[in-house]
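predicted coordinates and the sequence they were generated for:
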Amino acid sequence: MVDIAVSGGSYDGSGSIIRGYTASYPFSASISHFSGAYPVAQLTSGLARNFRVYYLTSNVTVSNGTEAMLSPDLAMGSLDLTDSQAGLEVAESKTLMIRTSINLDKDQCDEMVYLCLLLLDHEHASYMEGNTDDNIFCIDVSNSKICNPGTRL
């Protein structure tokens, strides 16, 4: 078993998250091979993937990946094929580019402060995750959202 941790994340700010408007928003997550005796092997066959990513919006930072997996608001993010099949050497870090599809209603927009990214091993991964508690990172997006039409918050 290995421990792949999400050690950071960011929103590139390429567009505001607008209430009532569904769009694909780009985020990045920094992942690290935190512990384990062997590397994560890069995969090349069609269906094989090492990583899958989920996201949820929250009014508080979520610090435990195991708890986040229980959230009914968890949605699957999109990784390109290269990132989802990437390998990771022991003690190496890598940045993954993630696309999310967010559509907030008024209450969600008013309350949402964070977008939390959760990384999990894929069912066809070349490794087995040993600790999901450190697989989540929350990004403050409060300055990147518009909750009232015509008004920038």
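Yep, it's here.

for the most centrally placed residue in the chain, which residues make a bridge with it?
Centroid-nearest residue in the chain, with Cα atoms, centre = their mean: L117, separated by 2.6 Å. As for beta bridges, L117 partners with Y55, F137 under DSSP bridges.

pretty sure it contacts S7?
No: with contact defined as Cβ atoms under 8 Å, L117 does not reach S7; the gap is 11.3 Å. C-betas here are computed from N, CA, C, even on glycine.

now do the buried residues in the longest strand along the chain.
Counting residues, the longest strand found in the chain (DSSP state E) is strand 23-35. Neighbour counts over strand 23-35 (16 or more other Cβ atoms under 10 Å) mark 25, 27-29, 31-34 as buried.

mind giving me a markdown table with those residues and columns for distance to S63 and pLDDT?
Below are the buried residues of strand 23-35 laid out as a markdown table (distance: Cβ to Cβ, whole Å; pLDDT from 0 to 100):
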| residue | distance to S63 | pLDDT |
| --- | --- | --- |
| Y25 | 22 | 92 |
| F27 | 18 | 95 |
| S28 | 19 | 95 |
| A29 | 15 | 95 |
| I31 | 16 | 96 |
| S32 | 16 | 95 |
| H33 | 20 | 94 |
| F34 | 15 | 89 |
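
what packs against the biggest helix by length in the chain?
Using DSSP state H, we find that the single longest helix of the chain is helix 106-111. Packed against helix 106-111, as judged by 3 or more Cβ pairs under 8 Å, 6 or more residues apart in numbering; DSSP states H and E, are no other helices or strands.

so what does the helix or strand bottoming out on mean pLDDT in the chain touch, helix or strand wise?
Ranked by mean pLDDT, DSSP states H and E, the weakest helix or strand in the chain is helix 65-68, scoring a mean of 76. Contact analysis of helix 65-68 by 3+ Cβ pairs under 8 Å, 6+ apart lists strand 114-121 as its packing neighbours.
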